[in-house]
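J.: got a sequence here, can you build the structure:
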Amino acid sequence: MRQTRNLLFVLIVVLSSCIDKNPNLDTEGKDELKALEATSVPEEDALNYNQRFYVPIYSDIYVDAQNPKQLLSATLSIRNTHLTDSLFISKIEYYNTNGNLVQKFIDYTINLPPMATVNYVIEKEDDSGGNGANFIVEVSAKSEEIKPLIQAVMIGNYANKSFSFLTDGYALD
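T.: Here you go, the predicted model:
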């Protein structure tokens, strides 16, 4: 019986290591942002709402003198709160503490359907952003009444404690 349990444990460990651990993949194995790329976008003059958002995130935070840098995972969440109109996302860029572009996340505009959400995760081990990292997100829509909700959620742990906090995106224009 013990041998069977050990074999089962080893089998579970081996199989779980074969799973793609990228948290940004959809159910079909495609990057969630790439899966939402728009095949057609309304003409610019038909878009009555255009907004740029600044979203602060923290790749790491100060803990104490012995452990000055604690790494965090961060999830950028973009939510379309409108009941009937799509939100078009034309830019998602990730900048580091020094203001340098680290990564562009989309090449084509994303069509986020009404009441839908798209998330993108910065892994805990990715400290390229530093403690002053941020996203710039540009969105547009046909309706002037649209009110997207853009936030970042950071999660970390220290010793035997876990913590999380969020930041809101701020309209720049």
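J.: hmm, who's touching the helix or strand where residue 92 lies?
T.: Secondary structure assignment for residue 92, by DSSP states H and E: strand 87-95. Strand 87-95 is contacted from outside by 33, 38, 41-42, 47, 52, 76, 78, 80, 101-106, 109-112, 118, 120, 122, 129, 133-141, 146, 148, using Cβ atoms under 8 Å, 6 or more residues apart in numbering. Where C-beta positions appear, they are placed from N, C-alpha and C, glycine not excepted.
J.: one more: stretch 44-51?
T.: Counting by Cβ under 8 Å, 6+ apart, residues outside stretch 44-51 touching it are 88, 138-146, 148, 171-173.
J.: out of the residues you listed, who's the most crowded?
T.: Within the contacts of stretch 44-51, most neighbours by other Cβ atoms under 10 Å means residue 139, with 26 neighbours.
J.: tell me who's in contact with it.
T.: Neighbours of residue 139 in contact, by Cβ under 8 Å, 6+ apart: 49-51, 53, 78, 87-90, 148, 150.
J.: lowest mean pLDDT among the helices and strands of the chain, which one is it?
T.: helix 2-17 (a mean of 48; mean pLDDT, DSSP states H and E).
J.: related to what we said a few turns ago, how about the contacts of stretch 44-51 in a markdown table, adding secondary structure?
T.: Putting these into a markdown table (DSSP: H, G, I helix; E, B strand; the rest coil) gives the following:
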| residue | secondary structure |
| --- | --- |
| 88 | strand |
| 138 | strand |
| 139 | strand |
| 140 | strand |
| 141 | strand |
| 142 | coil |
| 143 | coil |
| 144 | coil |
| 145 | coil |
| 146 | coil |
| 148 | coil |
| 171 | strand |
| 172 | coil |
| 173 | coil |
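J.: and the two most separated of those residues?
T.: Greatest spatial distance in the contacts of stretch 44-51: 142 and 172, 21.2 Å, computed using Cβ to Cβ.
J.: ok, and the closest non-adjacent residue to the most centrally placed residue in the chain?
T.: What sits nearest the mean C-alpha location of the chain, by Cα atoms, centre = their mean, is residue 120, with 2.3 Å. Nearest residue to residue 120, sequence neighbours excluded (Cβ to Cβ, 6 or more residues apart in numbering): residue 76, at 4.7 Å.
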